[in-house]
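> here are the coordinates; sequence isn't available:
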Ligand SMILES: [Mn+2]
């Protein structure tokens, strides 16, 4: 049976333009996960959505603790996160990396990349492109550059990567970059009009040739109505159901999972942190099938 390593990254020092607060997410997600794990009996859980009992061992979801972040040093934090993700992946567990702001997308992908041989594809669910190369305000590593840095890794091929749920507006230079490197966009508007089936077909078509798969979710891929507790709210996003319908079919072939930008400081009660724990739990159960 597959084993998972919950890796917390309580760092939001790279939330340079958005709202800080994602540093509090790992412990909140842990707390809610305990409620969900409670339903496991003798290595099985009743998955109501499928109306069947499926195998799941709560012990398979290890808590690997938090990355030893360095609050004043972004690069040291990124290096520590990359290293811990690599070590967990090398030990044979699927890392579930819970940030943190979305600068953590880079060390999550890089840690898997370092642990495996062959090509790595990234399916990136996000309202935003995260393709900023450099700016005076945000430097080269921030919540706006994670995907750009990940695409620079030696065995990550942009032509095998896809961004899903992106929306609204960004820099024309970003569009030029996307077309130049052959990255695939499936904007939220298209996902919402075509539904999960055709979107999944498109995703599998892009990542099919890769040896390994990393799935990274910025919680703001969801509409703020579903997930208000984020680093920056972007209208026009996916529903929770739609995201699950896209996420779960990818789970059993995923080598690493990241979930970033969950922000208890901007949340409505625990709406977004409970949702985040639910995504993690459903992903782990689906990955074990
Ligand atoms: Mn985002």
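Structure's in. What do you need? None of the values given here were measured: they were computed from a predicted structure.

> show me where the protein has strands.
Using DSSP state E, the strands of the chain run over residues 4-9, 44-47, 52-55, 61-66, 94-99, 120-125, 162-164, 184-186, 212-218, 256-260.

> Residues touching the first one, excluding its own?
By C-beta atoms under 8 Å, 6 or more residues apart in numbering, the residues outside strand 4-9 that reach it are 26-27, 29-30, 33, 60-67, 69, 77, 81, 84-85, 88, 91, 93-100, 104, 107, 280, 284, 287. Any C-beta I mention is one placed from the backbone N, CA and C, and that applies to glycine too.

> now the fifth one
Residues outside strand 94-99 that contact it (C-beta under 8 Å, 6+ apart): 2-9, 11-12, 22, 25-26, 29, 61, 64, 81, 85, 88-89, 104-105, 107-108, 111-112, 254-262, 276, 280, 283-284, 287.

> Show the end-to-end separation of stretch 134-148, please.
Distance across stretch 134-148, first residue to last, is 10 Å (C-alpha to C-alpha, to the nearest Å).

> Would you mark the buried spots in that stretch?
138, 139, 141, 142, 143, 144, 145, 146, 147, 148 (16 or more other C-beta atoms under 10 Å).

> quick one: which two of those residues are the most distant?
Using C-beta to C-beta, the buried residues of stretch 134-148 reach their maximum pairwise distance at 139 and 147, which is 15.5 Å.

> Check what pLDDT the residue located most distally from the centre of the chain gets.
Using C-alpha atoms, centre = their mean, the residue of the chain lying farthest from its centre is residue 42. It sits 29.5 Å away. Note on residue 42: pLDDT of 95.

> How much space separates it from the ion?
40 Å (C-beta to the ion, to the nearest Å).

> before we move on, what about residue 99?
Taking C-beta to the ion, one finds residue 99 at 11 Å from the ion.

> State the distance from residue 229 to residue 244.
Residue 229 sits 18 Å away from residue 244 when distances are taken as C-beta to C-beta, to the nearest Å.

> Which of those two has more residues huddled nearby?
Taking neighbours as other C-beta atoms under 10 Å, residue 229 and residue 244 compare with residue 229 leading, 30 against 18.

> right, and the more buried one touches residue 266 too?
Yes. Using C-beta atoms under 8 Å, residue 229 is in contact with residue 266, at 5.1 Å.

> For the stretch 151-289 of the chain, which residues are neighbours of the ion?
Contact residues (C-beta under 5 Å from the ion) of the stretch 151-289 of the chain with the ion: 218, 220.

> Could you pull out the helices in the stretch 151-289 of the chain for me?
172-181, 188-194, 196-207, 240-251, 271-288 (DSSP state H, counting those that start in this stretch).

> Deepest in the core, which of those is it.
Comparing the helices of the stretch 151-289 of the chain by mean neighbour count (mean count of other C-beta atoms under 10 Å), helix 271-288 comes out on top with a mean of 22.

> tilt between it and strand 4-9?
Computed by axes from the mean of the first three to the mean of the last three C-alpha atoms, to 10 degrees, the angle separating helix 271-288 from strand 4-9 equals 150 degrees.

> which ones are touching the residue of the stretch 1-150 of the chain found nearest the ion?
Residue nearest to the ion within the stretch 1-150 of the chain (C-beta to the ion): residue 128, separated by 3.6 Å. Residue 128 sits next to 102, 144, 166, 170, 218, 220, 232, 234 when contact means C-beta under 8 Å, 6+ apart.

> List the contacts of residue 23.
Neighbouring residues of residue 23 by C-beta under 8 Å, 6+ apart: 10, 11, 12, 100.

> doesn't residue 100 make contact with the third one?
Yes. The pair formed by residue 12 and residue 100 meets the contact definition of C-beta under 8 Å, at 6.5 Å.

> Overlap in contacts, these two.
Counting by C-beta under 8 Å, 6+ apart, the shared contacts of residue 12 and residue 100 are 22, 23.

> Quick one: the strands of the chain as a markdown table, columns for mean neighbour count too.
Formatted as a markdown table, the strands of the chain follow (neighbours: other C-beta atoms under 10 Å):
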| stretch | mean neighbour count |
| --- | --- |
| strand 4-9 | 25 |
| strand 44-47 | 15 |
| strand 52-55 | 12 |
| strand 61-66 | 18 |
| strand 94-99 | 29 |
| strand 120-125 | 28 |
| strand 162-164 | 24 |
| strand 184-186 | 19 |
| strand 212-218 | 27 |
| strand 256-260 | 29 |
